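In: pasting the sequence and the predicted model now:
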Amino acid sequence: MNEETTTPNRRDFLKNAAALAGITVAPGILLYSVSQAKPADQSVTSEQRWGMLIDVTQCTSGCDECVKACTVEHGLTEATRPEIAAHWIRKVGLRDKQTGQEYSLPVLCQHCEHPPCADVCPTGASFKRADGIVLVDKHICIGCRYCMMACPYKARSFIHETLENQKPYSPRGKGTVESCNFCVHRVDKGKNPACVEACQQAGHEAMIFGDLNDPYSKISEKLKIVKSTALRADMRLNPGVRYQGL
Ligand code: SF4
């Protein structure tokens with residue numbers, strides 16, 4: 001995908017935002033701006049990279065609020081068989097063989113910087129947006145499922161059945177592949193993905209979403225002070241999703 005250029009207006013906006021980011025409101029106290037979504041009439045650029053930090057120590061095994069919120073947000077209706085159900089986000093249980101420690105963590109598309117799903121897609125339907133969000137263009141996905149085989153996180157699913165009551169902002173289609181899109185329709189309006197919002201509303205605060213390129217965003221500030229890891233970091237895909245407490 002071609003990266004879109006930054007318009008002068010966009011540059012001014014970012015410059016002003018950057019200036020705001022470090023205003024001193026009192027000696028030693030900085031007022032940090034929150035990460036801003038782009039204005040609706042301006043292009044997505046690589047000056048932002050959206051990411052998510054998941055604190056597994058705050059994520060309880062009995063809770064699936066994030067999964068439920070995703071299901072509602074994207075209209076992921078029940079499939080006739082569980083093995084063909086859509087799973088944009090799923091809870092996975094892990095057990096450390098050495099310590100016996102058990103973890104329960106949400107796994108979703110990791111929004112890789114170097115997405116193998118996009119590399120193998122023969123039509124360009126799988127692509128990474130300039131701001132790091134990995135998407136599927138439903139109009140040109142031919143349902144070959146190469147991307148599902150290439151994804152090391154098993155983050156994608158294929159739509160086998162006819163769909164009803166679709167959400168206009170989250171198009172799906174029988175015979176195409178899909179995966180978490182970071183709720184791009186919400187992100188572009190300056191909102192958090194539905195899973196993050198649900199986790200916060202449930203009082204767990206296990207998920208933080210924000211701009212990894214903004215040193216003052218909540219997620220960047222947290223990543224400066226906690227140890228985090230990427231799933232299968234050995235594959236060097238540099239995912240946008242990081243985990244804390246693993
Ligand atoms: S996690 Fe899978 S679907 Fe998401 S960008 Fe990486 S390879 Fe593609």
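Out: Structure received. All values derive from a computational prediction rather than experimental measurement.

In: quick check: residues of this structure near the ligand?
Out: 109-112, 115-117, 134, 151, 153, 155-156, 179, 237 (C-beta under 6 Å from any ligand atom). Quick note: C-beta positions are derived from backbone N, CA and C, even for glycine.

In: give me the subset of these that lies in strands.
Out: In strands, defined here by DSSP state E, the members of those are residue 134.

In: how near is residue 132 to residue 207?
Out: Computed as C-beta to C-beta, to the nearest Å, the residue 132 to residue 207 distance reads 17 Å.

In: typed the wrong thing, it's residue 82
Out: The gap separating residue 82 from residue 207 is 25 Å, by C-beta to C-beta.

In: higher neighbour count, the two?
Out: It is residue 207, of residue 82 and residue 207, that has more neighbours when counted by other C-beta atoms under 10 Å, with 23 against 8.

In: what residues are up against that one?
Out: By C-beta atoms under 8 Å, 6 or more residues apart in numbering, the contact set of residue 207 is 52, 53, 54, 55, 66, 106, 195, 196, 199, 200.

In: the fifth one should be in a helix, yeah?
Out: Read that as residue 66. Yes: secondary structure of residue 66, determined by DSSP: H, G, I helix; E, B strand; the rest coil: located in a helix.

In: what comes up buried for stretch 236-243?
Out: Residues of stretch 236-243 classed as buried by neighbour count (16 or more other C-beta atoms under 10 Å): 237, 239, 240, 241, 242, 243.

In: show me which of those is closest to residue 86.
Out: Using C-beta to C-beta, residue 241 is the member of the buried residues of stretch 236-243 that lies nearest residue 86, at 18.4 Å.
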